[in-house]
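S.K.: Build me a structure from this.
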Amino acid sequence: MTARYPSARRRARATPFALSLLLAFAAQPTTAAETIDEEAASAAAAADAGAAQADDDLSRGDIIIVTARRRQETAQEVPVAISVIRGDSIEATGNFNVVKLQQLAPTLQVYTSNPRNTSVNIRGLGVPFGLTSDGFEQGVGIYVDDVYNSRVAAATFDFLDVDQVEVLRGPQGTLYGKNTTAGAINITTNQPTFDFEGRAEVSVGNLKFRQAKAAVSGPLSDKVAARIAIAATSRRGTLFNTRTDRWINEQDNLGLRGQLLFQPNDDLSITLADDYSEQDPECCGTAFVRVGTTQRALNRQYDAIIARLAAANPGYNYIVPSRNVYDRLTDIDASLSAGNKIGGASLRVKWDVGPGTFTSITAWRFWDWQPENDRDFTGASVVSKSQNPSQQDQYSQEFRYNYEGDKIDFVVGLFGFRQRIDTQGTEQQGIDATRYSLAPSTDPTNVYNRPEVLNGLTAINTQYLKADSAALYGQLSYKLTPELTIQPGIRVNYDKKDGFYQRVVTTGAGQVITDCSTAAQQGNAVLTAQCGVYQPQLTQPSVSDWNFSYDLNVNYKITPDILAYATYAKSFKTVGINQNGLPLDTNNQPVLSASTVKPESVNHYEIGIKTQFLNRLATFNLSAFRTEIKNFQATVNGGQFGTVRGYLANAEKVVSQGVEADFKIRTSDRFTAYANAAYTDAKYKKFTSAPCPPELSGGTFQPGNVAPDYSQPGVPGALSPRQCDISGQRLPGVSKWAFSYGAETNVPVTLLAKDGQVYLGVDGNYRSNWNSNASPSIYTNIKGYALTNFRVGFRGDGIDVFGWVRNAFDVNYIELLQVAPGNVGLIAGTPGDPRTWGGTIKVSF
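M.R.: Numbers count the residues shown, from 1 in each chain. Below is the predicted model:
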């Protein structure tokens, strides 16, 4: 579709290296032949023409090589809870980005209302649920070829030429450059090769789905090799906007990656990589889900407001096109865009020095975000404009040395990181804002009957964040006996953050509002109404902090095929600052003490066992964990349009505990299967000053806190507590139970004189109910659901043709619910994808 914002500056500076390589190459991603996982095992056997190789594969079982501990080893040797998804599995199951990857990894939770407001959590922990703030760190690190991606928007982009993805659970700060308290997603791409090879893949499906991928790799000389990959995805949206007569929430992704490898000898390799991806969908809109009663007066709740607007403006249809979200209809009126660009360059040097390997990773990355949103979730012109475009640049340098000996292995590293984020926000009230937000009155002189009071009221937000981080980390493995290993690790970390936030408020007539503190006392009804929506603010928080963390792992090989381990980790999430404005006191003044939030203090305990049996044809892994977090960084939303978009605050204590099991089996080269399960009990152990759920919001404030009664709806006109005690409630976004499974079987055939296999595959996942509000609400509970996918096809030497159907039983489910601002009781949401089907052709050479 046509771009709706300038793109030449970023496009020009991000892609010259990749474009130059593209002139030389084009084909599809290849995957390393050295590893097989449960979904790819049958494919590997089919591609092998020799029976001897198949027998060897069968005898050695299902071997997966990982780099979770910064060295190559089998997944079953690593005393860490880890899920490994090969590139072949990602392609076969259609889970082509981190958001979709949660269908294969049940302990991974990813929720997104748009690329900026995306939450990536493991075991319920990582980032607070709600609107994203630049002022906190990600608890789940996303790494691509050892390069840390600080912007979680990377989770929404398509995987590009990926070999495999490792999802590590639990703190990883003593092994990775950037501290991660909940886990890490370690993405490895396919590397340049000195043998010429290539692949191409084309998929088409319903909803106008189109996807094409290509990669080619080969030598430029006996010491230089190159690889180039490209991927493009487009699909029609899944919500129809009756207001604009268009489908929205479409997919539109283009990615390009180039790599150049210089290998002068066997001891030294230097890889220069460059990537660029962009998205420009008409996204991200919501549909009406339900109305829940709040404690606002009944005539100020959603249904009453919409009825009055419709009566006052009979020529304009304010009534939602459907109250059944699965009709996939919406009537939101503001323009939508999720323009999104990400990319960068890196230089990785690996040098075998003596008994170890020295690695240097130098990287620069950028992110450009150009959004347009409908923040009132309605067809009324309440918030006519809501957009916060951002530009981010990050620079990182990591030095790491790995040593492997007979009794001692160790990793030691030095990491430096710098980023700057600039945001220029605009939010503007529309023609319906006055009658939507203010108390109704029959007095023609009352502000309620003067649309110009709020129409055109505009908040211009200017903000930036400068963040610097440095760390020294290391981990030692000492083999006390051939079976018993102790593995301590340490990390020393320094962080400094400087922020700036300024909101300038102007009326529709262009007058600047400079002070809201005395509007009510002066009896100025117009100014009081305007300040009830937007207030001017200026804050310049600055903070720095040192942290020391450590962990200890003890693992024991009970037999060559059974590994038991226990881990304790003392970790942290660094100090945060509020970058979206501050809450107000009773005089409409910013609470300056809320400018910074305390660092999280994490105590993590884990035990596990990894087993192989049936001659290593099957594996079964089990882990149990408990993570305790003091000063948990939570998102607090005030429920108003512009009082504050959402700010960070500390919950006293959070606990996440549970059990995870992973099983897979390959009985022969004709059948493979897997099943994964997770039980996660994640709760606010103590959060006495949380924001109240919508059923306790909207009324006149009363002193003190209350514990919500989640069996009762709101009472119109009742008094509302300023804060609620939600201690003991589940964390948002976390299902107690989650499962994933898959199987594939095949039979040998000869088709069109080509030997190969006809195969049938199934995969699916289940998640139990969860809540979609920072403070759990009876209105935002999302029911559990199960999705099932099928595929059938033929694969032979260099070709794979298959048809697929996803969400085969056309299950209706909700991906995310959102509470509309203003405490009017409106709940909007996004339904998950309906049944989709299509076909894929893959060729390789």
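S.K.: Residue 395: neighbour count?
M.R.: Residue 395 has 15 neighbouring residues, counting by other Cβ atoms under 10 Å. Placement of C-beta: from N, CA and C, glycine included.
S.K.: For it, give me its contacts.
M.R.: Contacts for residue 395 (Cβ atoms under 8 Å, 6 or more residues apart in numbering) come out as 363, 364, 417, 418, 419.
S.K.: and those residues, which are buried?
M.R.: Buried members of the contacts of residue 395, counted by 16 or more other Cβ atoms under 10 Å: 363, 417, 419.
S.K.: Now residue 451: phi and psi?
M.R.: Phi and psi for residue 451, reported as degrees, to the nearest 10, are phi -50, psi -30.
S.K.: Does it touch residue 436 like I think?
M.R.: No. When contacts are counted by Cβ atoms under 8 Å, residue 451 is not listed as touching residue 436 (10.4 Å).
S.K.: Among those two, which residue is more densely surrounded?
M.R.: The neighbour count for residue 451 versus residue 436, taken as other Cβ under 10 Å, is higher for residue 436 (25 against 18).
S.K.: Mind pulling the model confidence for the residue sitting nearest the centre point of the chain?
M.R.: Centroid-nearest residue in the chain, with Cα atoms, centre = their mean: residue 120, separated by 3.6 Å. pLDDT for residue 120: 90.
S.K.: for residue 6, same thing?
M.R.: 35.
S.K.: which ones among the contacts of residue 395 are found in helices?
M.R.: Of the contacts of residue 395, none are assigned to helices by DSSP state H.
S.K.: mind listing the helices for the stretch 401-550 of the chain?
M.R.: 433-437, 525-531 (DSSP state H, counting those that start in this stretch).
S.K.: pLDDT averaged over stretch 195-204 - what is it?
M.R.: The average pLDDT within stretch 195-204 is 96.
S.K.: so where's the stretch 1-150 of the chain shaky on pLDDT?
M.R.: Low-confidence segments of the stretch 1-150 of the chain, defined by pLDDT under 70, span residues 1-63, 68, 131.
S.K.: Going along the chain, name the strands of it.
M.R.: 65-66, 73-74, 82-86, 108-112, 118-122, 140-144, 147-149 (DSSP state E, counting those that start in this stretch).
S.K.: that older thread, figure out which of the helices of the stretch 401-550 of the chain is closest to residue 635.
M.R.: Evaluated over the helices of the stretch 401-550 of the chain, closeness to residue 635 peaks at helix 433-437, with 22.8 Å, by Cβ to Cβ.
S.K.: From the contact counts, what lies against that closest one?
M.R.: helix 302-312 (3 or more Cβ pairs under 8 Å, 6 or more residues apart in numbering; DSSP states H and E).
S.K.: partners of the helix or strand just after the helix it packs on in the sheet?
M.R.: The helix or strand immediately downstream of helix 302-312 is strand 329-330, counting by DSSP states H and E. When pairing is defined by DSSP bridges, strand 329-330 lines up against strand 239-241 (parallel).
S.K.: so how far is the first residue of stretch 191-198 from its last?
M.R.: One end of stretch 191-198 sits 12 Å from the other (Cα to Cα, to the nearest Å).
S.K.: Would you mind listing the buried residues in that stretch?
M.R.: Quick answer for stretch 191-198 (16+ other Cβ under 10 Å): 191, 192, 193, 197, 198.
S.K.: one step back: among the buried ones among the contacts of residue 395, which are in strands?
M.R.: Secondary structure from DSSP state E places 363, 417, 419 of those in strands.
S.K.: Next, format the contacts of residue 395 as CSV and append pLDDT.
M.R.: Below are these laid out as CSV (pLDDT from 0 to 100):
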residue, pLDDT
363, 98
364, 98
417, 97
418, 97
419, 96
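S.K.: and which of the residues you listed is nearest residue 316?
M.R.: residue 419 (44.9 Å).
S.K.: Hmm, residue 391 and the closest one touching each other?
M.R.: No. Using Cβ under 8 Å, residue 419 makes no contact with residue 391, being 11.0 Å away.
S.K.: and the gap between the residue nearest to residue 77 when sequence neighbours are not counted and residue 659?
M.R.: Distance criterion Cβ to Cβ, 6 or more residues apart in numbering; nearest residue to residue 77, sequence neighbours excluded, is residue 563 at 7.0 Å. Relative to residue 659, residue 563 is positioned 18 Å away (Cβ to Cβ, to the nearest Å).
S.K.: So the two - more neighbours on which side?
M.R.: Remark: of residue 563 and residue 659, residue 563 carries more neighbours, 22 against 14, as counted by other Cβ under 10 Å.
S.K.: Contacts made by the helix or strand hosting that one with the rest, please.
M.R.: When elements are assigned from DSSP H and E, residue 563 belongs to strand 562-573. Here strand 562-573 makes contact (Cβ under 8 Å, 6+ apart) with 76-77, 79-80, 136-137, 139, 170-171, 173, 179, 181, 493, 547, 549-558, 599-612, 633.
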